[in-house]
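In: here's my sequence, what's the structure:
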Amino acid sequence: MYKAFIFKIKQISFDENYHPSDKTRLTTNFANLARGASRQENLRNTLRMMNNRFNDLAHWDNPKGDRYSLELEIISVDIDVEGNGETFPTIEILQTSIVDHKNNKRIEGIVGNSFSSYVRDYDFSVLLPEHNYNQAKFSLPENYGELHGKIYQSFINSNTFKDHFNKPPVICLSVSTTKTYHRTANIHPILGVEYQQDAYSLTDEYFGKMGLQVRYFMPPNSVAPLAFYFHGDLLSDYTNLELISTISTMETFQKIYRPEIYNANAAAGQYYQPSLKHQDYSLTRIVYDREERSQLAIKQGKFTEEQFIKRYQNILEQWAASYAV
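Out: Just a heads-up that it's a prediction; the model follows:
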């Protein structure tokens, strides 16, 4: 029988005064925006974009478009493998909260939204390239994503998660540039028009190992569908305001670091294949270093290999073999 790992949660506000902690994964959207000479202007403009988009979607009983504002907290999850108090940074997600200025109340939003993981960096930026080095045909390593998926599900099912959050996470990411998506007749009042893909992407399959389903929706006044990864029933389990909090948060990040897709000057049509080579798009006035993000993913993946995968290899293998979701 496996011994349950211990998870520890730390929370820090994401606002215009945010400074990344020493243990924050620097590839995360929020950490990248919060560095350099433009850091405070970046953060202020990012939050303004989120609030404007929220009020655009939550337009009922909101004639001036200023009824709501968002508050964000970065949730950092550390894992104690041996139960000796020594931890390794594992997952970072975002918690949204909604401030209703008309009724002077604060409403809990959705946890998840962005998703960052050191083990995911290792899997995608170290393990996968090494496995396919000099190979004629692309393939996946044996049990690819299994450990990461079980660690995530162990956290979601832990008392630590249940003590802090009332609903399972919803993670919202960019659609894949390797797949084609087609518009369906299904339209949700908040999530918008649903798209379906021709086949699951590598990310879809990877998140499937985490126990997450995926659906793709293009919200009203958006130009490209977003990928929503979730447990349960996305359309029934969350309120309109909760869904809007995720859309406005993650669409803003996507406009900043995937402008070719999410800040394009024309909306996705009946059939849509995203491309980062698309030229007809607009830039936000927010500084974002996409190349640095890719380099850091490799660096952090190698760090994970040395300090987590190799260090705890025997324990992790035994735990994964006996862990039952």
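In: what's the burial count for Lys105?
Out: Residues near Lys105, counting by other CB atoms under 10 Å, number 9. Using the backbone N, CA and C atoms, a C-beta is placed for each residue, glycine as well.
In: spatially nearest residue to it (excluding sequence neighbours)?
Out: Nearest non-adjacent residue to Lys105, counting by CB to CB, 6 or more residues apart in numbering: Val99, 7.9 Å away.
In: check contacts around the one you found.
Out: For Val99, the contact set (CB atoms under 8 Å, 6 or more residues apart in numbering) comprises Tyr68, Ser69, Leu70, Glu71, Lys105, Arg106, Ile107.
In: just list whatever residues bridge to the first one.
Out: Going back to what we said before, that points to Tyr68. With DSSP bridges as the criterion, Tyr68 is bridged to Asp100.
In: state the pLDDT value of it.
Out: What the model reports as pLDDT for Tyr68 is 98.
In: quick one, what contacts it?
Out: Applying CB under 8 Å, 6+ apart to Tyr68 gives the contacts Asn51, Phe54, Asn55, Ala58, Asn62, Ile98, Val99, Asp100, His101, Leu241.
In: give me that answer again for 10 Å
Out: 51, 54-55, 57-58, 62, 98-102, 107, 241, 244-245, 248 (CB atoms under 10 Å, 6 or more residues apart in numbering).
In: against His59, how distant is it?
Out: As judged by CB to CB, to the nearest Å, Tyr68 and His59 stand 10 Å apart.
In: just the buried residues of the one helix or strand Arg106 maps to, please?
Out: Using DSSP states H and E, Arg106 maps to strand 105-117. Neighbour counts using 16 or more other CB atoms under 10 Å place Glu108, Gly109, Ile110, Val111, Gly112, Asn113, Ser114, Phe115, Ser116, Ser117 of strand 105-117 among the buried residues.
In: in the strand or helix carrying Ile261, what counts as buried?
Out: Per DSSP H and E: Ile261 is located in helix 259-262. Neighbour-count burial for helix 259-262 flags Pro259, Glu260, Ile261, Tyr262 (criterion: 16+ other CB under 10 Å).
In: the second one reaches Ala266, doesn't it?
Out: This means Glu260. No. Glu260 sits out of contact with Ala266 when judged by CB atoms under 10 Å, with a separation of 11.8 Å.
In: and for these two, which residues touch both?
Out: Common neighbours of Glu260 and Ala266 (criterion: CB under 10 Å, 6+ apart): Ala224, His278, Asp280, Tyr281.
In: which of the residues you listed sits closest to Asp204?
Out: Ala224 (16.4 Å; CB to CB).
In: let me see the contact set for that closest one.
Out: Ala224 makes contacts with 174-175, 181, 195, 216, 218, 251, 254-255, 258, 260-264, 266-268, 272, 274, 278, as judged by CB under 10 Å, 6+ apart.
In: that one and Lys102: what is the separation?
Out: 32 Å.
In: next one: His148
Out: 42 Å.
In: more neighbours: those two, which one.
Out: Using other CB under 10 Å as the criterion, His148 and Lys102 rank with His148 on top: 23 against 10.
In: for that one, give me the pLDDT.
Out: For His148, pLDDT reads 97.
In: I figured it hits Phe115, correct?
Out: No. Using CB under 10 Å, His148 is not in contact with Phe115, being 11.1 Å away.
In: between the two, what contacts are shared?
Out: With CB under 10 Å, 6+ apart as the test, His148 and Phe115 both reach Ile91, Phe207, Met210.
In: contacts only, for the nearest residue to Ile247 once chain neighbours are set aside.
Out: Of all residues not flanking Ile247 in the chain, Pro219 sits nearest, at 5.1 Å (CB to CB, 6+ apart). Applying CB under 10 Å, 6+ apart to Pro219 gives the contacts 53, 56-57, 188-193, 225-226, 243-244, 246-248, 251.
In: repeat that for 7 Å
Out: By CB atoms under 7 Å, 6 or more residues apart in numbering, the contact list for Pro219 reads Leu57, Ile190, Leu191, Gly192, Ile247.
In: any idea how far Leu191 is from it?
Out: For Pro219, the distance to Leu191 equals 6 Å [CB to CB].
In: and the residue nearest to Ile247, backbone torsions?
Out: phi -60, psi 160 (degrees, to the nearest 10).
In: and it, what pLDDT?
Out: pLDDT at Pro219 comes out at 98.
In: likewise for Ala324?
Out: At Ala324, pLDDT is 77.
In: what about it, distance to Gly208?
Out: Counting by CB to CB - Ala324 and Gly208 are separated by 17 Å.
In: which of the contacts of Pro219 fall within strands?
Out: Members of the contacts of Pro219 lying in strands (criterion: DSSP state E): Gly192.
In: could the contacts of Pro219 be laid out in JSON lines, adding distance to Leu235, neighbour count and pLDDT?
Out: As requested, these are exported to JSON lines (distance: CB to CB, whole Å; neighbours: other CB atoms under 10 Å; pLDDT from 0 to 100):
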{"residue": "Leu57", "distance to Leu235": "15", "neighbour count": "25", "pLDDT": "98"}
{"residue": "Ile190", "distance to Leu235": "9", "neighbour count": "19", "pLDDT": "97"}
{"residue": "Leu191", "distance to Leu235": "7", "neighbour count": "27", "pLDDT": "98"}
{"residue": "Gly192", "distance to Leu235": "12", "neighbour count": "19", "pLDDT": "98"}
{"residue": "Ile247", "distance to Leu235": "13", "neighbour count": "27", "pLDDT": "98"}
